[in-house]
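# Here's a sequence, model it:
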Amino acid sequence: MRYADIYQSWQDDPEGFWMKQAQAIDWVTPPTRALNDSRAPLYEWFTDAQVNTCYNAVDRHVENGRADHTAIIYDSPITGTVAHITYAELLNRVASLAGALRDKGVGLGDRVIIYMPMVPDALTAMLACTRIGAIHSVVFGGFAAHELAVRIDDATPKAIIAASCGLEPNRVVAYKPLLDGAIAQAKHKPDFTIILQRDQLPCDLTPGYDFDWHAVQDGVTPADCVPVSGDHPAYILYTSGTTGAPKGVVRPTAGHLVALHWTMKNFYNVDPGDVFWAASDVGWVVGHSYICYAPLIHGNTTVVFEGKPVGTPDAGTFWRVIQDHKVRSFFTAPTAFRAIKREDPEGLLIKDYDISSLRALYLAGERADPDTIIWAQNVMQVPVYDHWWQTESGFPMVGNPAGIEALPVKIGSPTVAMPGYDIRILADDGSEMPAGELGSIAIKLPLPPGTLPTLWQAEDRFVKSYLTTFPGYYETGDAGLLDAEGYLYVMARTDDVINVAGHRLSTGAMEEILANHPDVAECAVIGVSDALKGQLPMGFVCTNSGTSRSDDEIVADCIRMVRESIGPVAAFKLVAVVNRLPKTRSGKILRRTMVSIADNTDFKMPATIDDPAILDEIRDSLRPLGYGG
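Numbers count the residues shown, from 1 in each chain. Okay, here's the model as predicted:
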């Protein structure tokens, strides 16, 4: 079947479509119906089923003759370690840790916070929780103590599983002092912790409270899988909210299994046994969906990579991993490729490697600017697919369904809606915008299986945040347009559509223009306050390594290019050349924080910021332009 036929089959019979996809999952009690709309607009899926996530990700592959197939490849250029873990080995590790948790009183519905680096044990911890029906919440290893304390108080975990340290290219980050500080600050106190001691920086353990990862498993009886209801939360994942208070996105078990399994072949175009690599972190939704769960549920080999796109040791590390492990499908964020392009503008390092195993590159996590896509296509010589989704959705909302049919790529668009998603472009009054016109991207309810049904302990906030602005729709918070063929163009966060003297302009469109400059490696455009026009666009550009042109020449080029493409209406005349942009640890540019700095207004330090020191650099770059205080 072609994509259009499959999408139409979902539109014609959503219930039948998802019940058919559910047949790929091993159920304890199969569902008798897909959608539960008894509390609309709060929808749930497969609520009458009984199932276990860990069984579907691990046990069934062992039982079905794939025990000796590799489940996880651990590749750490920082430590020089490469390890292969079979499905049978993974089952033993998971069942043992789950038994230790069970013996210490963790059971169905209890929460467990996981605070770990990119090591296979992080996946073991996640799967061990789902094995016994505990609800895990992964928090970035190395997250500040205060931010970890906020999540401890919201999730009220019975236990915390952590590592003694994490490793960055040039430093070791001690986790235990941060964990101790967070527990001291939090009102809620976990019953105990389990600590994975790493050789690079072991830590002291408090007897009777902190338990060594290996010692706590000595002599335990491995735990069996505990059936849970289809609507049981598999995990809580905190995402930053507009108020500064984190939002706990809830992931329901059954819908998660069904949706993720469907994506692996139909979307990412891999078969069981193929090597799939998502270069992300378990702290992000990509790490949950496409490092841990989806590849294992589908029977793939997943890569756990402890490194960076540059600096471990150089800008060729991605090519080396693809070559060494015969990666078939590769998923990362556009910012990773911008970092590689900045270090190796001509893409010369790829000539040292054989990446012929690779079918395609998938980009998501932020807007993939056309310049980055074209560069990646030219260097890698494989299809490059942008796709669009959110922590809240848990899997792609819009993309190119290469496993069904590789649709023509329109650079700048993540392509078309996936089954389950009825995408609309709405005006402020809720009316639909004509094709080609900018508006708010919304999704007609109900959302498909696997998407968030609510926020943890915050149903009212869920309704207010997502379902109130456009009744009957989920508000994505992104702005964009649909073309006549149904291709979506995500232009900016709704907050990043700026109003210049009454004209609504997309900062994303301006970023596309700046990114086309041959000396610009990376860029961002924000809207700053202006007494006359309300707002003005301000550009920030990072230049390529080794460029011979002066900053003043590049700034003049950028201003001219935007004015030629968009016109004088853009009033584009403010550009700063900077060494780097402030980002989250996943690579998202912190535009809202940059606006606050430019407008000299108070802001809360983003919890996920990669390097707070960069904010002072941004402020310094703004002062010559008359902004930043």
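
# unless I'm mixing things up, residue 541 is touching residue 520, no?
Yes. Under the criterion of CB atoms under 8 Å, residue 541 is in contact with residue 520, at a separation of 4.9 Å. C-beta here means a position set from N, CA and C on the backbone, and glycine is covered the same way.

# Next, show the common contact partners of the two.
514, 554, 558 (CB atoms under 8 Å, 6 or more residues apart in numbering).

# Redo the residues you listed as CSV? Include neighbour count, pLDDT and secondary structure.
What follows is these, written out as CSV (neighbours: other CB atoms under 10 Å; pLDDT from 0 to 100; DSSP: H, G, I helix; E, B strand; the rest coil):
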residue, neighbour count, pLDDT, secondary structure
514, 25, 95, helix
554, 20, 96, helix
558, 25, 96, helix
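
# Tell me who's in contact with the residue nearest to residue 22 when sequence neighbours are not counted.
Setting aside the residues directly before and after it, residue 22 is nearest to residue 258 in space (CB to CB, 6 or more residues apart in numbering), at 5.0 Å. For residue 258, the set of contacting residues under the criterion of CB under 8 Å, 6+ apart consists of 18, 21-22, 24-25, 45-46, 449-450.

# Please flag which of those residues sit within helices.
When helices are assigned by DSSP state H, the members of the contacts of residue 258 inside them are 18, 21.

# Now the two most distant members of the contacts of residue 258.
The largest distance within the contacts of residue 258, taken as CB to CB, falls between 24 and 45 and amounts to 14.7 Å.

# Neighbour count for these two, which is higher?
Here residue 24 and residue 45 are set side by side on neighbour count (other CB atoms under 10 Å), and the busier one is residue 45, at 28 against 15.

# OK, contacts around that one?
The contact partners of residue 45, taken as CB under 8 Å, 6+ apart, are 18, 34-36, 230-231, 252, 254-255, 258, 448-450.

# cool, residue 227 as well?
Shown in contact with residue 227 (CB under 8 Å, 6+ apart): 28-29, 50-52.

# Any figure for the gap between residue 616 and residue 629?
12 Å (CB to CB, to the nearest Å).

# Residue 447: which element?
Counting by DSSP states H and E, there is no helix or strand that carries residue 447.

# need the contact list for it.
Taking CB under 8 Å, 6+ apart as the contact definition, residue 447 lies against 43, 393, 420-421, 474.

# With residue 605 instead?
residue 612.

# Name the residue most distant from the centre of the protein?
Relative to the centre of the chain, the most outlying C-alpha is that of residue 532, 38.7 Å out, by CA atoms, centre = their mean.

# Checking my notes, that one in a strand, right?
No. Residue state for residue 532 (DSSP: H, G, I helix; E, B strand; the rest coil) corresponds to coil; a strand is not indicated.

# May I have the residues that are in contact with the closest residue to it other than its chain neighbours?
The spatial neighbour of residue 532 that comes closest, neighbours along the chain excluded (CB to CB, 6+ apart), is residue 501 at 7.7 Å. For residue 501, the contacting residues are 532-534, 569, 571, taking CB under 8 Å, 6+ apart as the criterion.

# Please apply the same query to residue 194.
Residues in contact with residue 194 (CB under 8 Å, 6+ apart) are 97, 100-101, 159-162, 210-213, 216.

# what about the residue nearest to residue 22, distance to residue 109?
Remark: distance between residue 258 and residue 109 (CB to CB) = 22 Å.

# Show me the shaky parts of the stretch 401-550 of the chain.
Counting by pLDDT under 70, the stretch 401-550 of the chain contains low-confidence residues at 494-495, 502, 504.

# And the strands in it?
Per DSSP state E, counting those that start in this stretch, the stretch 401-550 of the chain carries strands over the ranges 416-417, 423-426, 439-444, 473-482, 488-493, 497-500, 503-506, 520-530, 534-543.

# Output the ones you listed in TSV; the columns should cover distance to residue 12.
Output for these, formatted as TSV (distance: least, CB to CB, whole Å):
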stretch	distance to residue 12
strand 416-417	15
strand 423-426	17
strand 439-444	15
strand 473-482	21
strand 488-493	22
strand 497-500	35
strand 503-506	34
strand 520-530	42
strand 534-543	44
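
# Turn these into CSV, including mean neighbour count.
What follows is the strands of the stretch 401-550 of the chain, written out as CSV (neighbours: other CB atoms under 10 Å):
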stretch, mean neighbour count
strand 416-417, 22
strand 423-426, 19
strand 439-444, 22
strand 473-482, 22
strand 488-493, 22
strand 497-500, 19
strand 503-506, 18
strand 520-530, 23
strand 534-543, 22
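
# nearest to residue 130, of these?
Comparing the strands of the stretch 401-550 of the chain against residue 130 with CB to CB, the closest turns out to be strand 473-482 (25.8 Å).

# Would you mind writing the CA trace of the closest one as PDB?
This file holds the C-alpha atoms of strand 473-482, laid out as PDB (Å, rounded to 0.1, in the frame of the first residue of the first chain):
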ATOM      1  CA  TYR A 473      -7.700  20.500  19.200                       C
ATOM      2  CA  TYR A 474      -4.300  19.900  20.700                       C
ATOM      3  CA  GLU A 475      -2.300  23.100  20.600                       C
ATOM      4  CA  THR A 476       1.300  22.200  19.600                       C
ATOM      5  CA  GLY A 477       2.800  25.600  20.400                       C
ATOM      6  CA  ASP A 478       4.400  25.800  17.000                       C
ATOM      7  CA  ALA A 479       3.600  28.000  14.000                       C
ATOM      8  CA  GLY A 480       3.700  27.000  10.400                       C
ATOM      9  CA  LEU A 481       1.800  26.400   7.200                       C
ATOM     10  CA  LEU A 482       0.500  23.600   5.000                       C
END
